[in-house]
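Asks: mind folding the following:
(one chain, ligands or ions: 1)
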Amino acid sequence: MELDKPGHVTQMRLVFAAANRHRMAIVVHVRPNIDHGRAWGEKQARIFLESVLPQAKDIVVQIAHLASAGRYEDEGVDKALDVFVAAIAAKDPRMKRVYFDVSVAAGKSKREQLQRQLRAIGMERLLYASDSPPPSALKAFRQLPLSEEELGRIETNVAPYLR
Ligand SMILES: [Zn+2]
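Replies: Reported below is the predicted structural model:
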């Protein structure tokens, strides 16, 4: 999906509304396919927040990979995430049931920014997840710039749709 295309946004709204009607949780790869070099950043995240999320106000929406396609340092990821961070800080009702999974590779270059964003999102909204095998994935997860207590909290969080 490309959030820059109104037709795609319309389709996405329909899917989210249908899931909401059926009370189904959604896990969304909100960043489009990276192979095609599609734009991803503040503008697209804002479209998602303002046009798509309101359709799913009663259900849990899990934003996969911390709004990346798997790598936090990719272009635009921090900017996109900041849109959601600001909305959470403003107690935006559209963010009420939004969670983020931390299936993401994070290098050192934006470490402090990532730490600030994770703490602003809040440990209670972060879910452990991975696309790779458990031992290496857990090791990668534990590289996130968080305290032992914070990491432990994320590891033991259970997604609301699994409770
Ligand atoms: Zn994935």
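Asks: would you put the C-alpha positions of the longest helix that the chain contains in PDB?
Replies: Longest helix in the chain by number of residues (criterion: DSSP state H): helix 6-21. Extracted in PDB, the C-alpha atoms of helix 6-21 (Å, rounded to 0.1, in the frame of the first residue of the first chain):
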ATOM      1  CA  PRO A   6      -5.800   8.400  -2.200                       C
ATOM      2  CA  GLY A   7      -7.100   5.200  -3.800                       C
ATOM      3  CA  HIS A   8      -4.900   3.100  -1.600                       C
ATOM      4  CA  VAL A   9      -5.900   5.000   1.500                       C
ATOM      5  CA  THR A  10      -9.600   4.400   0.600                       C
ATOM      6  CA  GLN A  11      -8.900   0.700   0.400                       C
ATOM      7  CA  MET A  12      -7.000   0.700   3.600                       C
ATOM      8  CA  ARG A  13      -9.800   2.500   5.300                       C
ATOM      9  CA  LEU A  14     -12.300  -0.200   4.100                       C
ATOM     10  CA  VAL A  15     -10.100  -3.000   5.500                       C
ATOM     11  CA  PHE A  16      -9.600  -1.300   8.800                       C
ATOM     12  CA  ALA A  17     -13.400  -0.500   9.100                       C
ATOM     13  CA  ALA A  18     -14.200  -4.100   8.300                       C
ATOM     14  CA  ALA A  19     -11.800  -5.400  10.900                       C
ATOM     15  CA  ASN A  20     -13.300  -2.900  13.400                       C
ATOM     16  CA  ARG A  21     -16.800  -4.200  12.700                       C
END
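Asks: pLDDT of that helix, averaged?
Replies: Mean per-residue pLDDT for helix 6-21: 97.
Asks: and stretch 70-77, by the same measure?
Replies: Stretch 70-77 comes out at a mean pLDDT of 93.
Asks: who's in contact with the closest residue to residue 40 other than its chain neighbours?
Replies: Distances taken as C-beta to C-beta, 6 or more residues apart in numbering place residue 76 nearest to residue 40, at 4.3 Å, with adjacent residues excluded. Every residue, glycine included, has its C-beta placed from N, CA and C. Neighbouring residues of residue 76 by C-beta atoms under 8 Å, 6 or more residues apart in numbering: 39-42, 44.
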